[in-house]
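# take a look and give me a structure for this.
(2 chains)
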Amino acid sequence: KVLFLILLSLSITSLAASFENVQINRKVVLKGKYVSVDISCKLRNIASGQKDFFVHAIHKNFSDNLVDILPVSKRKSVLKVVRQPDSSKSSHFIQYQIHFDRPLDKDESIDLTIKELYKRRLTPIPKAIKLREAQNLLFEDTLYYPTIYPTLMQKLVIELPAPHKLVKQTGKVKAEGTKELSYGEIANKVFEDEKLQIIYEDNKPLPIFSEVVRELEISHWGNIAVTESYVLHNQAAKINGEFSRVDYQQIKYNPMMNEMIGRNIIKDLKIKIPRMAYGLWYRDVIGNVSSSHATKDKASIYWEVIPRFPILGGWKDEWQIGYNLPTKYYLKVNKEDNEQTVLNTSFLHPFTDIIAEKYTLKIILPSGASNVQYTKLPFELDNLKMDSVSSYLDLQARPVLVFEKKNAHSFHSKNFQVIYDVDMLTRIEKP
Amino acid sequence: AERETMLLQEMEPSDLYIFFTKVGKFMQTIAPIIKWLILALISLIAFSMRIFSVIRYESIIHEFDPWFNYRSTQYLTHEGFYNFFNWFDAESWYPLGRVVGGTVYPGIMSTAAIIHWTLKALLIPVDIRNVCVFLAPVFSAFTAISTYFLTKQVTKRSEAGLLGALFVALCPSYISRSVAGSYDNEAVAIFALVNTFYLWIKAADTGSILWAVACSFQYGYMVAAWGGYSFIINIIPIFVLATIYLGKFSKKVYVAYSVFYPLANMIAIQIPFVGFQAVKSSEHLASHGVFFVLQAYMVYLYLQDHLSKQQLKTMGITLIYVAGILCLFGFTTLMVLGITKWGGRSLTLLDPTYAKKYIPIVASVSEHQATTWSQYFFDLQGLMFFAPVGFWLCCKNVNNGKIFMGIYGILSIYFSCVMIRLLLVMAPAVCILAAIGASGVIRKVSKEIRVFFGPERDSSGQTKTKFPCEVSFAGLGVVFIMLVYYVLHSTYVSSEAYANPTVILSSRLPNGGKIIIDDYREAYYWLRMNTPPDTKIMSWWDYGYQLTGLANRTVLVDNNTWNNTHIATVGMAMSSPEPEAYEICKMLDVDYVLVIFGGYAYYSSDDISKFLWMVRIGGGVYPHIREVDYYGDHQYRTDAQASETMKNCLMYKLCYYRFGEVYTAHGQPAGYDTVRNAVIGKKDFKLEYFTEAFTSERWIVRIYKVNKRSNRYPGMKPRLGDYSETLKPTYEKFNAKFQRSNQNYQLTYFKPIQITY
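Residues are numbered from 1 along each chain as shown, chains lettered A, B, ... in the order given. Predicted coordinates:
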């Protein structure tokens, strides 16, 4: 252990020369479905020369939970993040290189904010509760900002749900407001690994999609068929003992009970889909799910997707939804080149506020489509491949463009274009 | 148009007659086209009449048995024929399992799979579910076509054929078994049945070996499709005997039967489920006997030409006696030795009271009950009046086809009296007889009308009609009205009575809106999603196929009721008090218990209604369960007067657990059972050995988890039940203590036991 510490300090000193953290303000937001951490930092280059990047560290315990890192410079430009090849494997920290938009001179300071989003970091404690009991969530973090550079001053604020009930916490709190816990200003050493634990009452459900597949099947006869399949898990506290209808159905007859019973249950999910959509359907492997509503206004269709059964903590559900879109709003034929078609679509599924751990977007082009291109997305994909599928009356398989992205979330809800060529004859050949 | 009518009025009757003759002539030239067009339309109606359920609900498999057929079809399409016949299904009949390949009629699955593969090869990939759902309506259209041919073969008249096709297409009793989604053996079997009969009559009429071979193959398909094939293998020998008896026997019949009998039986043996039963079982005995009788009769006919009458008589009588004694002796020996046996269901047909006495499991099925008159009227309506006319016409003017139809009619009417489900076998017979009757009446009446308008008159200027023309017109009108009402009735029945998938229920709101009650699928899907894949579920056998199909979980008993003891054990568990039921559940390695309860949602066919059958079947094997114990005040009831045995049995407890806390009907106290119309007899009770795991929205499906055995002495109270996470530290602490001091443990934990005992 001693040897390890020596090695660690050696590795630190070798790097430590390059930067110092002048001021770090960390804000952990526990209000939403997931944990987001906003870090605003002021860095100073204390190395001898210019620096292109600095190293941002994340504790190894939470690295699997990390969904996204989004560093933004003061000029609002998103910076490039590269995972550093793990030099010291035994380290408690996973290191990321954050590249500046322009090289940083010696002794120059920079202000930037890093947004981190984590999934599955709120653990219900105890793991199982009764229907009427309150749910306590455990949040764990390091008390100090994990960094490989010396930090001059740092501050930690934890934002809790509005009328919060703190059950237990470790660490010296400087100020406790109605909404947040402030740990004040602390000067610290590097790589200090002191645990921070907060247990607080929060009754929200914790939904997460383990897998989402969205398929768009394009027909040049006027229709884009959208099919989306979901696997939803509720990470909230499990039910202890019986799930009783007697208790649960009180919600139905007395809306006041909604605030009393089964607050961590996913009862419905609301989504918004384009107004032009028609022929909505909602089913699973055993047939239609008849419990859902949709309303329409001038801008969009509001769809209340109600699962077959309430999804309690620890339960899961799988379903498919789908709808059709008329091509005239989404497909554009290039006026100069009649064979070239442009599809305009959103990258993400409509349940934008829930993280999809494994997200696949399949665009099934009409058979005979060639020269497939797509406009660049403002984030990196995990995998991209061309596949093919045979459907009705297909002598020639339809090309499929498959995008794969791990941990897709609202940030990825971006529109982009797919451009491909189909000649006139194949276009009118079949639907 | 007005001018035209004026013109018509101005015309003399003879002009009118000429006009109509011209129209008639023209119609006759295009008659073949119209005939085929009508047949096509009838097929279309047959199909579209049966898809109400898809329009009302969705494309889904109905009822219970079809779920198994669907599941095995899925297996067949994924794994291929070879694996299908070797399929050992471990998901049903836990822990016994079921050899599906050898215990199933593979006809319908193969048909669906072949259609699926063919369409796929034709670049039309249709989901296997849709193939299964729409198989029955498509085959109904085929049935209409083969009924046309059969009726035409019998009557030699295409108009009777068309009527027959129309009747079959719309026959409610056939619709009940062949709506979209009713993916059961009968769906294809009725087509096979009618087609076999058509080919048989064709073979008997022509004496052609080719037709006989075709008939044998069609019979082979029927054997593959449905257990009802034994009807065919009995009716054909009976027909052969009848031709001999009625003196209508010809060598054509001989050729047809001599080709059909060996070939058909050989094909039947190929089906694994039938196998050597085709030789051994009593259901097939008639076919063997008649084959030998036929050979003997041919020898007799041959000798007739060569011997004198006296010799023939003596020889004939001796031979008949010897053969009769031999047959009787042989049959008795076979029966006594147990080489040949009557199946339970066949015995029920011969002796309608048999099932009630000896096999409650057969008697418990609602479709095995005796048929009521109202059921006949509901399922046949107008056909009930035409069929006797047709039967009379068959008797009046005998030929092969008419003899056959007569026998078919009589036999099927007898069988349908015994079991409701055999109304289906009767449907084609009644439809064809009714078509013969109706077309006979129409022909007679329209001939009269033709004569009335015709130019031939006697001296007094009267036409040569047999009875007044008003009667003819009235007759035509009555037939017409009956046909119209038949169509209306069928449409009504098809859309209202037979369009319900059973899995999905629906109910009308006071404002006319419709709500879908989807409790079954809600609970089944919950099981599929939120229980481990190897979960064993105990429920009454009715829901076995649905559970394996929809929830994809292992069940103990299902609708293939081959093991009475296993079902009786489940019946015993359901009718035992909670602690005993728990021991049975543990013995059977059950994880969840599922009950259907309709008392909350006015759903009457629930487990409490079926419960007496569970008691009877359970009691049939385990005599300590006695039906009388479950009667309170000499009747079956669930209210305060219910017997203590009833109130304490598992079924009662699982159905009514916490039901005493809810209000179900206006102006009634809590715990009011809307099906039994009574307040339940036991309200405040806790379950000690079972934990409510899931109850569907309208309480129809209730699922309970069987608690893990607590690691303490069974007699101890309170029972901690589930070894839950919150209790884990307590247990651990306890265990640690126990290891430290055994004595201490005994002092603390055995004391209460001594007090309780």
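# list the contacts of the helix or strand hosting B:Ser507.
B:Ser507 is part of strand B:505-508 when elements are defined by DSSP states H and E. Residues outside strand B:505-508 that contact it (Cβ atoms under 8 Å, 6 or more residues apart in numbering or on different chains): B:56-57, B:500, B:514-520, B:603, B:700. C-beta here means a position set from N, CA and C on the backbone, and glycine is covered the same way.
# so where's the stretch 301-450 of chain B uncertain?
Low-confidence segments of the stretch 301-450 of chain B (pLDDT under 70): B:338-346, B:348, B:355-356.
# show me where it has helices.
B:309-337, B:344-350, B:354-358, B:360-363, B:373-380, B:383-396, B:400-418, B:423-453 (DSSP state H, counting those that start in this stretch).
# likewise the stretch 551-700 of chain B?
Using DSSP H, counting those that start in this stretch, helices in the stretch 551-700 of chain B cover B:564-575, B:578-587, B:607-621, B:644-648, B:650-656.
# ok, now the stretch 201-350 of chain A?
Using DSSP H, counting those that start in this stretch, helices in the stretch 201-350 of chain A cover A:245-248, A:250-253, A:327-330.
# quick one: closest of these to B:Asn86.
The minimum distance between B:Asn86 and the helices of the stretch 201-350 of chain A falls on helix A:245-248, with 43.3 Å, by Cβ to Cβ.
# out of the helices of the stretch 301-450 of chain B, nearest to chain A?
helix B:423-453 (26.4 Å; Cβ to the nearest Cβ).
# near chain A, which residues of chain B? Just list them.
Taking Cβ under 8 Å from any Cβ of the partner chain as the contact definition, chain B meets chain A at B:57-58, B:60, B:123-125, B:504, B:516, B:518, B:521-526, B:528-530, B:550, B:658, B:661-662, B:691-697, B:699, B:722, B:724-726.
# so which of the residues you listed are in strands?
Counting by DSSP state E, the residues of chain B next to chain A place B:516, B:691-695 in strands.
# can you name the two of those residues that are farthest apart?
B:Ile516 and B:Thr691 (29.3 Å).
# going by proximity to chain A, name the top residue of the stretch 351-500 of chain B.
B:Asn500 (14.3 Å).
# show me the contacts for that residue.
Contacts of B:Asn500 by Cβ under 8 Å, 6+ apart are B:53, B:57, B:62, B:506.
# near chain B, which residues of the stretch 201-350 of chain A show up?
By Cβ under 8 Å from any Cβ, the residues of the stretch 201-350 of chain A that approach chain B are A:240-246, A:249, A:284-291, A:308-309, A:314-318.
# one step back: closest one to B:Leu347 among the helices of the stretch 551-700 of chain B?
So among the helices of the stretch 551-700 of chain B, helix B:564-575 is nearest, using Cβ to Cβ, at 15.1 Å.
# and the closest one, average pLDDT?
Helix B:564-575 shows a mean pLDDT of 90.
# which positions within that helix qualify as buried?
B:564, B:566-575 (16 or more other Cβ atoms under 10 Å in any protein chain shown).
# and what of stretch A:36-53?
Within stretch A:36-53, the residues that count as buried by 16+ other Cβ under 10 Å are A:36-45, A:47, A:51, A:53.
# just flag the most distant two among those residues.
Maximum pairwise distance among these (Cβ to Cβ): 31.0 Å, between A:Ser36 and A:Ala47.
# now do the contacts for A:Asn65.
Applying Cβ under 8 Å, 6+ apart to A:Asn65 gives the contacts A:35, A:118-121.
# where does the prediction get shaky in the stretch 51-200 of chain A?
For the stretch 51-200 of chain A, the stretches flagged by pLDDT under 70 are A:86-90, A:164, A:171-172, A:174-175, A:177-178, A:185-193.
# how deep is the closest residue in space to B:Leu550 that isn't next to it in sequence tucked in, by neighbour count?
Spatial nearest neighbour of B:Leu550, chain neighbours left out: B:Tyr524 (3.9 Å); criterion: Cβ to Cβ, 6 or more residues apart in numbering or on different chains. Using other Cβ atoms under 10 Å in any protein chain shown, B:Tyr524 has 26 neighbouring residues.
# same thing with A:Leu269?
19.
# distance from stretch B:436-456 to the middle of the chain?
Distance of stretch B:436-456 from its chain centroid, counting by Cα atoms, centre = their mean, to the nearest Å, is 40 Å.
# buried stuff in that stretch?
For stretch B:436-456, by 16+ other Cβ under 10 Å, it's B:436-442, B:445, B:448-452, B:454.
# reformat these as a markdown table; add distance to B:Tyr174.
Formatted as a markdown table, the buried residues of stretch B:436-456 follow (distance: Cβ to Cβ, whole Å):
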| residue | distance to B:Tyr174 |
| --- | --- |
| B:Ile436 | 18 |
| B:Gly437 | 18 |
| B:Ala438 | 17 |
| B:Ser439 | 20 |
| B:Gly440 | 22 |
| B:Val441 | 23 |
| B:Ile442 | 23 |
| B:Val445 | 28 |
| B:Glu448 | 33 |
| B:Ile449 | 33 |
| B:Arg450 | 34 |
| B:Val451 | 37 |
| B:Phe452 | 38 |
| B:Gly454 | 40 |
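# pick the one among those residues closest to B:Phe149.
B:Ile436 (14.3 Å).
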